[in-house]
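S.K.: Please find the sequence and the predicted model below.
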Amino acid sequence: MVKRGEGYELFCKTLIDKLAGTGAPFSNIKHNVLKKGKAHTNNQIDITFDYDYKGTKIPMIVECKDYTRPVGKEKVATLSSIAHEDLGVNGIFFAKSGFQKGAIQYAKAHGIDLYKVTNVTDADWTDRIKKINLTMNVPAFSSLELNVQIVGISQDDSKQLLPPPEKLTVLDSFGRDKYLLGDEVKRQFKNNSSKPKFKLDTSDSFVLVKRDLKPIHSIEVVVHRKILTTKAVIDADAFVTGIFENAISKEWIMVKK
């Protein structure tokens with residue numbers, strides 16, 4: 001039969017196990033342990049573990065409470081008595097709903113560590129960021145526009161007299177093939193991809209128009225881009241299993257999944 005609060009105790013033990021797995025100096029972690037102290041009576045301890053400090057193992061006992069209200073001073077005093085007077089060990093108190101002011105003051109005076117231990121949903125995220133919504137607008141290549149100007153021929157006439165620019169063969173002054181314009185533009189684009197437009201070197205560059213070599217005045221390449229919108233959500237639910245909040249310092253320790 002599962003005793004009341006055991007689910008929370010096991011949750012807390014899982015978090016300690018995970019911390020130990022990421023390098024925290026904890027070992028010999030156990031749940032639901034009976035320890036006999038100076039009074040010769042058995043004390044039921046929710047969690048026990050050793051804190052390894054410079055080669056010395058310091059025994060720790062943990063009390064866990066999943067109360068819906070903050071834990072009061074009396075419960076902390078009981079743990080202090082069992083830990084320090086009966087067992088001679090260090091005590092830690094985990095509570096789902098935190099601690100009353102009197103409990104915190106007593107713990108500070110008697111060397112008891114207090115932690116509010118919750119899952120991501122139950123944690124108090126005031127002044128902390130739990131979720132980030134990202135919208136990224138990324139410019140992406142769309143197409144290339146070629147503007148070719150031939151000496152002595154208008155743009156309109158070029159469209160009628162010449163093939164499409166990407167299929168245009170560029171010749172040298174002897175009428176020998178230099179390159180197919182579409183292929184050359186692709187090669188040059190690799191070195192100019194960040195520019196909105198660029199020009200090709202047109203020295204000794206001609207095209208054949210009605211069997212006549214006509215010099216090329218300029219070749220301009222306009223790079224057209226479109227904006228791609230990408231949305232992403234970064235949420236603590238996705239990568240955090242639980243949170244330890246120190247009741248005195250308010251420091252957080254987040255345990256990753």
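M.R.: Sure thing, it's come through. Note that this is a predicted model, so its numbers are computed, not measured. Residues are numbered from 1 along each chain as shown.
S.K.: So Val255: helix, strand or coil?
M.R.: strand (DSSP: H, G, I helix; E, B strand; the rest coil).
S.K.: Count the neighbours of it for me.
M.R.: Counted with other Cβ atoms under 10 Å, residues neighbouring Val255 total 21. C-beta: built from backbone N, CA, C; applies to glycine.
S.K.: now the chain, which segments are flagged as low pLDDT?
M.R.: For the chain, the stretches with pLDDT under 70 are 1-3.
S.K.: biggest helix in it, by residue count?
M.R.: Assignment by DSSP state H gives helix 6-21 as the longest helix of the chain.
S.K.: For it, which residues meet the burial criterion?
M.R.: By neighbour count on 16 or more other Cβ atoms under 10 Å, the buried set for helix 6-21 is 8-13, 15-16, 19-20.
S.K.: Can you name every helix or strand that it contacts?
M.R.: Applying 3 or more Cβ pairs under 8 Å, 6 or more residues apart in numbering; DSSP states H and E, one finds that helix 6-21 makes contact with strand 26-36, strand 42-53, strand 56-65, strand 113-118, strand 240-246, strand 252-256.
S.K.: Shouldn't Tyr106 be within a helix?
M.R.: Yes. Tyr106: assigned to a helix according to three-state DSSP.
S.K.: For Ile153, see how far away it is.
M.R.: Going from Tyr106 to Ile153 by Cβ to Cβ, to the nearest Å gives 95 Å.
S.K.: next one: Gln100
M.R.: 90 Å.
S.K.: Chain neighbours aside, what residue packs nearest to Asn119?
M.R.: Of all residues not flanking Asn119 in the chain, Gly242 sits nearest, at 5.4 Å (Cβ to Cβ, 6 or more residues apart in numbering).
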